[in-house]
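Q: Okay, predicted coordinates and the sequence, questions at the end:
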Amino acid sequence: MPMPDDTTLELTVLLPCLNEAATLRACLRAARQGISTAGVIAEFVVADNGSSDGSAEIALAEGARVVSVAARGYGHALRAGIAAARGRWVLMGDADASYDFTSVPQFVSALRNGADFVMGCRLPVGGGRIEPNAMPWKHRWIGNPGLTWIGRVLYSCPVHDFHCGLRAFSREAVQSLELHTTGMEFASELIVQAQLAGLRFAEVPVVLHPDGRGRPPHLRSWRDGFRHLRFLLIHRLRTFQSRRRQEPYSRHGRRS
Ligand SMILES: Nc1nc2c(ncn2[C@@H]2O[C@H](COP(=O)(O)OP(=O)(O)OP(=O)(O)O)[C@@H](O)[C@H]2O)c(=O)[nH]1
Ligand SMILES: [Mg+2]
């Protein structure tokens, strides 16, 4: 596939990947279809943590660029992928066939309409849908709503589905954010930092399918849920403290 140059490249489709040989090809092909419907010039980047099942070879055969990331973790992989992206916009999504990459056009259209950050929403509130057996009940009814509520309250985020992995954003805007987390809590950090930086959000409906890989996910519910919660609370505390340090004192010696 001829490589588009950086001036014409509109979109980077970025997939974090750890041993997804069973589903990666289908994701890349669906994305290619979405790209052609959207009429965008795009590249594919697979951020890989040394998969041992041939995922990287599949990515290369499908015309993707493979960014090899030594340090393990969803956050490590995505941060390296975002740093290596060359498109004006980046669309990221899991490589386990749980998301429908043919929905590229909806994301591109929201970006073209001026959004900096477009979140997929799998919930009916945002027009989305979760297919039977696509999400464990404790994520559907406890983890995701609970953590989303905390994120919305603490950060005034307009997002309804904090853990949706299908998202698109302005590369420049996101590259200018301070992103440090290494694991699954990166999903929360990305939204929170985008909100704190004043990026314009939009939401588009997406459908979540049961993943196609036939083995357990990398996500570990309690450990990763706790990491999301810890990030949301500690980061809010830190931003309050640094704001208090910066605020000028009033004439009466109190903070104004
Ligand atoms: N490179 C890399 N990719 C990862 C790592 N952990 C997860 N991923 C990828 O990130 C995506 C999401 O991981 P999943 O295990 O499906 O986690 P999840 O979708 O949040 O959880 P489920 O909803 O339970 O499937 C997949 O494409 C994984 O291959 C990692 O340590 N390194
Ligand atoms: Mg998944």
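A: All right, it came through fine. Ligands and ions are numbered 1, 2, ... in the order given.
Q: which bits of the stretch 51-200 of the chain sit near ligand 2?
A: Within reach of ligand 2 by Cβ under 5 Å from the ion, the stretch 51-200 of the chain has these residues: 94, 96, 98. Using the backbone N, CA and C atoms, a C-beta is placed for each residue, glycine as well.
Q: State the distance from the residue nearest to the first one when sequence neighbours are not counted to ligand 1.
A: Nearest-residue entry for residue 94: residue 165, 4.5 Å, with adjacent residues in sequence omitted and distances by Cβ to Cβ, 6 or more residues apart in numbering. Look at residue 165 and ligand 1: by Cβ to the nearest ligand atom, to the nearest Å, they are 6 Å apart.
Q: what's the answer for residue 190, then?
A: Distance from residue 190 to ligand 1, by Cβ to the nearest ligand atom: 13 Å.
Q: Can you tell me the closest non-neighbouring residue to that residue?
A: With sequence-adjacent residues excluded and distances taken as Cβ to Cβ, 6+ apart, residue 190 is closest to residue 179, at 6.6 Å.
Q: can you check residue 136 too?
A: Nearest to residue 136 is residue 221, by Cβ to Cβ, 6+ apart, at 7.1 Å.
Q: What residues does that neighbour make contact with?
A: Shown here is residue 221, whose contacts under the criterion Cβ atoms under 8 Å, 6 or more residues apart in numbering are 136, 138, 139, 143.
Q: likewise residue 44?
A: With contact set as Cβ under 8 Å, 6+ apart, residue 44 has these partners: 12, 13, 15, 28, 31, 59, 62, 63, 64, 65.
Q: mind checking the SS state of it?
A: At residue 44 the chain is in strand, as set by DSSP: H, G, I helix; E, B strand; the rest coil.
Q: show me where the stretch 151-256 of the chain has strands.
A: With DSSP state E, counting those that start in this stretch applied, the stretch 151-256 of the chain shows strands at 167-170, 201-205, 207-208, listed in chain order.
Q: Then the stretch 1-150 of the chain?
A: Ranges of strands in the stretch 1-150 of the chain, per DSSP E, counting those that start in this stretch, are 11-17, 42-48, 65-68, 89-92, 117-121, 129-130.
Q: from what I can see residue 205 touches residue 130, true?
A: No: using Cβ atoms under 8 Å, residue 205 is not in contact with residue 130, being 11.3 Å away.
Q: The two: who's more crowded?
A: residue 130 (20 against 17; other Cβ atoms under 10 Å).
Q: Tell me the predicted confidence for the residue nearest to the more buried one when sequence neighbours are not counted.
A: For residue 130, ignoring the flanking residues on the chain, the nearest one in space by Cβ to Cβ, 6+ apart is residue 208 at 4.7 Å. Per-residue confidence (pLDDT) for residue 208: 98.
Q: Fine by me, thanks again.
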